[in-house]
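> Turn this into a model:
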Amino acid sequence: MPYSRSVKVGVLKKVLPPESRNIASVSRETGISHQTIRNWINKEASGSLDEKDGEKGPRNLSSIEKYQLLMESKKIPKEELGEFLRKRGLHSQHLTLWDQEFAEMVKDNGKKQEKKVRDLQKKVRELEKELNRKDKALAETAALLVLKKKLNLLMGDPKDD
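Below is the predicted model of the structure:
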């Protein structure tokens, strides 16, 4: 999966000085392979990371990248937010829009779950009704068989014993 330059730069800021965090921990945190991060470090050292061949605009970012940028922006003080957004070619409206998108996703997912629960409850009620109907039919059939045997015994017809 190609990552945008802003995601690469964000990850490299975490693993290169001054933060110098462990590559494995950043890999777990971001979900990006540690080997990919190592490749980015090598490209940064050789100066080839600045090539904009894989650059994506805000409209072309994946949901994961949008979420990572949104979460990263929440940690930044308001005074530094403008610089953060300029470096990534974003506007504050992008963050607001993405925040709303994620809120709607969560809300829609909750509605889907509620509908699924209601459908399953309806199915359970239908199955319970069918089970009760079959239980009654089985009890009726058993009662008829018992009565038939008793009638045969009273009439002296030994063929159904």
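
> Please enumerate the helices of this protein.
For the chain, the helices defined by DSSP state H cover 5-15, 23-30, 34-46, 63-75, 78-88, 92-155.

> I'd like those as TSV, with mean neighbour count and mean pLDDT appended.
Where you see a C-beta, it was placed from the backbone N, CA and C, and this is true even at glycine. TSV is the format used below for the helices of the chain (neighbours: other C-beta atoms under 10 Å; pLDDT from 0 to 100):
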stretch	mean neighbour count	mean pLDDT
helix 5-15	19	85
helix 23-30	14	88
helix 34-46	14	87
helix 63-75	15	85
helix 78-88	13	83
helix 92-155	11	91
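
> and this protein, what are its domains?
Following automatic domain parsing, one finds the domains of the chain at 5-90, 105-160.

> got the ones you listed as JSON lines, with distance to D99 columns?
Listed next are those as JSON lines, based on distance: least, C-beta to C-beta, whole Å:
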{"stretch": "domain 5-90", "distance to D99": "6"}
{"stretch": "domain 105-160", "distance to D99": "11"}
